[in-house]
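[1] 3D model of this:
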Amino acid sequence: MKFIMLFGPQAVGKMTIGHELEKSTSLKLFHNHMTLELLHPLFEFGDETWRLSTMFRQEIFKSFAKSKEEGMIFTYVWAFDCQEDWDFVEQTRSIFEAAGGEVYFVELEAEVTERMERNRSAHRLQHKPTKRNTEASELELIESMNKYRLNSLPNEIQEPNYMRIDNTHLCPKSVAVKVKDHFNL
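    Numbers count the residues shown, from 1 in each chain. From the prediction side, this is the model:
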């Protein structure tokens, strides 16, 4: 079992790259908005959405880690200055490692101007209805960038299975190839 945590700030391209990785491997994509889009119509982005989303994700991880599947790609916005995000990453890692899985970390970064363009992409809006109000999602992108640290500091992540990619000027398919080749997926 392989578990790829594909993380970075909003609109950096995580889901799109995840879709490309899914096409070229036998790994399945579980992007972070799959749970959020389920809960948002009921609770908007309130505390209950985040609580239930975390619970659903953990249960999905547990079931998937026990399955006969080759592996999973999960996308995540990791706020490095929030301990609860570090805890979530560690809990997720332990679920897969306890089941004998290998965990890989792929960090994406891109210039904010490129992220703003990607925020309006047809692919993103198709898969993430809560992002269709692009004015609101752009405001949230800026606010979260100012409130949280959404990329790691140099050498902050000390994992043997880690890579960081600035994908500002790279197409999703080429990034997926880099990840696939780097980790021999």
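[2] contact partners of stretch 131-144?
    Residues from elsewhere that reach stretch 131-144 (Cβ atoms under 8 Å, 6 or more residues apart in numbering): 9-11, 33, 77, 79, 112, 115-116, 119-120, 124-125, 130, 150. (C-beta placed from N, C-alpha, C; glycine too.)
[3] cool, and stretch 83-90?
    Here stretch 83-90 makes contact (Cβ under 8 Å, 6+ apart) with 5, 54, 76, 78, 79, 80.
[4] Check which residues of it are buried.
    Across stretch 83-90, burial judged by 16 or more other Cβ atoms under 10 Å covers 85, 88, 89.
[5] Using a markdown table, lay out those together with secondary structure.
    As requested, the buried residues of stretch 83-90 are arranged in a markdown table below (DSSP: H, G, I helix; E, B strand; the rest coil):
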| residue | secondary structure |
| --- | --- |
| 85 | helix |
| 88 | helix |
| 89 | helix |
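[6] quick one: the helices in this structure?
    Assigned by DSSP state H, the helices in the chain fall at 14-24, 33-43, 47-66, 83-98, 112-118, 122-127, 134-147, 172-182.
[7] Any chance of CSV for the contacts of stretch 83-90, columns neighbour count and pLDDT?
    CSV is the format used below for the contacts of stretch 83-90 (neighbours: other Cβ atoms under 10 Å; pLDDT from 0 to 100):
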residue, neighbour count, pLDDT
5, 23, 98
54, 15, 95
76, 17, 98
78, 21, 98
79, 16, 98
80, 16, 98
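[8] and the two most separated of the residues you listed?
    54 and 80 (17.7 Å; Cβ to Cβ).
[9] re earlier: just the buried ones from the contacts of stretch 131-144?
    For the contacts of stretch 131-144, a burial check counting by 16+ other Cβ under 10 Å picks out 9, 10, 11, 33, 77, 79, 115, 119, 124, 125, 130, 150.
[10] dump the residue contacts of the third one.
    To tie it back to what came earlier, the one meant is residue 11. Residue 11 makes contacts with 115, 116, 118, 119, 124, 137, 141, as judged by Cβ under 8 Å, 6+ apart.
[11] switch to 10 Å and redo it
    Neighbouring residues of residue 11 by Cβ atoms under 10 Å, 6 or more residues apart in numbering: 77, 110, 112, 114-121, 124, 128, 131, 137-138, 141.
[12] got it, and the fourth one?
    Contact criterion Cβ under 10 Å, 6+ apart gives 14, 15, 40, 53, 75, 124, 127, 128, 129, 130, 131 as the residues in contact with residue 33.
[13] ok, of those, which come out buried?
    14, 15, 40, 53, 75, 124, 127, 128, 130, 131.
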